[in-house]
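1. what would the 3D arrangement of this be:
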Amino acid sequence: MKYRKLFFLATALVMLQLPMVSMAEPYASTYTPLPSDPVLIVNATILTGTGERIEGGSLLMSEGVIREIRADSQISENKQTTVIDAQGRWLTPGLIDVHSHLGVYASPNLNAHSDGNEISNPVTARVWAEHSIWPQDPGFSRALAGGVTSLQVLPGSANLIGGRGVTLKNVPAVSYQAMKFPGAPQGLKMACGENPKRVYGERKQTPTTRMGNVAGYRAQWIEAQKYIRDWEDYEKAGKSKKAKDKAKRPIRDLRLETLAGALKGDILVHMHCYRADEMMTIMDMADEFGYKVTAFHHAVEAYKIADKLAEKGICGALWADWWGFKAEAYDGIQENIALVDRPEGSCAIVHSD
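-> A predicted model of the protein is given here:
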């Protein structure tokens, strides 16, 4: 099959830091690279992922690692090397999807597989998407056939704060731990706009308005700030173990532990948001509480504030072309990605959702 054009998706992957409550990383990755023989691809049009395009290039892979890229066919090989002639074809990096629900909304679409939204409360920061993942979801193999080699799986967007996400390697596995990308940070999924106010308004709960949404976030961040202070005060209670034992040890809270991790920068904040005005409000709120929004997801009006996003170092994780399916998605334009990508220091990412 000849590939005319491929967009690849990217997200920053940084080393995971331990949470405030000292412990070994829970549910740790058990991923190991699949065994592989050397593969040499020749005569390809290679897009390196850094803006470079190589015509008639060669690429050598072995043991799951790209060993060499050249603009000719002078890469040495041995008897174990499989040679693939890619004349007339494109070779790109594996795709990284920063916003996926594979595994938590598995195929086929049944209630039994609907594990992406914990709608028992508008704030469910305590839940982790990885604990819903079904590794046998056939969507993983379909995505792999389309070139997606890694993906961040997030909770859905029914909640103001929906819980932690996880980054996976798209490999066959029995457990999600065997798919978990070693060293990748967790993300925190948050949502603004129509979804939370609609879901909880229909349930006769708060929030029912956009102002209720913002009040809900702020109340949570205030609690998280106190949680951080309480742990810091406990740690400072005394240098001797005896003095520390007399101090009041805070009760561990999974919701506040996640929110505290986001405030401290250990957990990356991913914000489902469509309208430019709401994104500006969220940026002001991040300044108020001293945290960073890593990316606005969907963000069909991001083109209106592209300069502001670049100034703040916030990525736009955007659809290639999807708009108008609800009121807040109505003002989308096809040039959104290009306009967000234009300013100096900008970050535009294509995602699937």
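2. how distant is the longest helix belonging to the chain from the center of its chain?
-> Scanning the chain for the helix with the most residues, using DSSP state H, yields helix 210-235. Per CA atoms, centre = their mean, to the nearest Å, the displacement of helix 210-235 from the mean C-alpha position of its chain is 23 Å.
3. just checking, what packs against it?
-> helix 194-202, helix 254-263, helix 276-289 (3 or more CB pairs under 8 Å, 6 or more residues apart in numbering; DSSP states H and E). From N, CA and C alone the C-beta is placed, and that goes for glycine too.
4. show me where the stretch 251-353 of the chain has its strands.
-> For the stretch 251-353 of the chain, the strands defined by DSSP state E, counting those that start in this stretch cover 268-273, 293-298, 315-318, 348-350.
5. highest mean neighbour count out of those?
-> The highest mean neighbour count among these, using mean count of other CB atoms under 10 Å, belongs to strand 315-318: a mean of 27.
6. what's the average pLDDT for it?
-> The average pLDDT for strand 315-318 rounds to 98.
7. now stretch 274-293: average pLDDT?
-> Here the average pLDDT along stretch 274-293 is 98.
8. residue contacts, E223?
-> Residues near E223 by CB atoms under 8 Å, 6 or more residues apart in numbering: L256, L259.
9. show the end-to-end separation of stretch 171-190, please.
-> Stretch 171-190 has its terminal residues 27 Å apart, counting by CA to CA, to the nearest Å.
10. run the chain-centre distance for that stretch.
-> Taking CA atoms, centre = their mean, one finds stretch 171-190 lying 11 Å from the centre of the chain it belongs to.
11. can you list the buried residues in the longest helix of the chain?
-> Buried residues in helix 210-235, counting neighbours by 16 or more other CB atoms under 10 Å, are found at 210, 212-214, 216-217, 220-221, 223-225, 227-228, 230-231.
12. what distance do you get for L309 to I337?
-> 12 Å (CB to CB, to the nearest Å).
13. and for those two, which residues touch both?
-> Here L309 and I337 have G316 as joint contacts, going by CB under 8 Å, 6+ apart.
14. need the helix or strand of the protein with the lowest average pLDDT.
-> Every helix and strand of the chain was ranked by mean pLDDT, DSSP states H and E. The lowest is helix 241-246, at a mean of 69.
15. L309 and I337: which is more packed in?
-> L309 (27 against 20; other CB atoms under 10 Å).
16. hang on, the more buried one packs against V293?
-> No. Here L309 lies out of contact with V293, judged by CB atoms under 8 Å, at a distance of 9.2 Å.
17. so how far is the first residue of stretch 86-97 from its last?
-> End to end - CA to CA - stretch 86-97 spans 25 Å.
18. buried set for that stretch?
-> Across stretch 86-97, burial judged by 16+ other CB under 10 Å covers A86, L91, T92, P93, L95, I96, D97.
19. of those residues, which belong to strands?
-> In strands, defined here by DSSP state E, the members of those are L91, L95, I96, D97.
20. so where's the stretch 101-250 of the chain shaky on pLDDT?
-> For the stretch 101-250 of the chain, the stretches flagged by pLDDT under 70 are 239-240, 243-245.
21. and the helices in the stretch 51-200 of the chain?
-> Using DSSP state H, counting those that start in this stretch, the helices of the stretch 51-200 of the chain run over 138-145, 194-202.
22. got a list of what A306 touches?
-> Contacts of A306 (CB under 8 Å, 6+ apart): G316, L339, V340, R342, P343, S346.
23. tell me the contacts of the fifth one?
-> Same thing as P343. Counted by CB under 8 Å, 6+ apart, P343 has contacts A306, D307, L309, A310.
24. most widely separated two among those?
-> Within these, D307 and L309 form the most distant pair, 7.4 Å apart (CB to CB).
25. neighbours of A129, just the number please.
-> A129 has 27 neighbours, counted by other CB under 10 Å.
26. start and end of stretch 77-92, how far apart?
-> This stretch, stretch 77-92, spans 21 Å end to end (CA to CA).
27. and it, how far from the chain's centre?
-> What separates the centre of stretch 77-92 from the centre of its chain is 32 Å, taken as CA atoms, centre = their mean.
28. kindly provide the distance from G290 to Y176.
-> Going from G290 to Y176 by CB to CB gives 32 Å.
29. between those two, which one's more packed in?
-> More crowded of G290 and Y176, by other CB under 10 Å: Y176, with 21 against 11.
30. what sits against the more buried one?
-> When contacts are counted by CB under 8 Å, 6+ apart, Y176 is found next to G103, E130, I133, P135, V166, L168.
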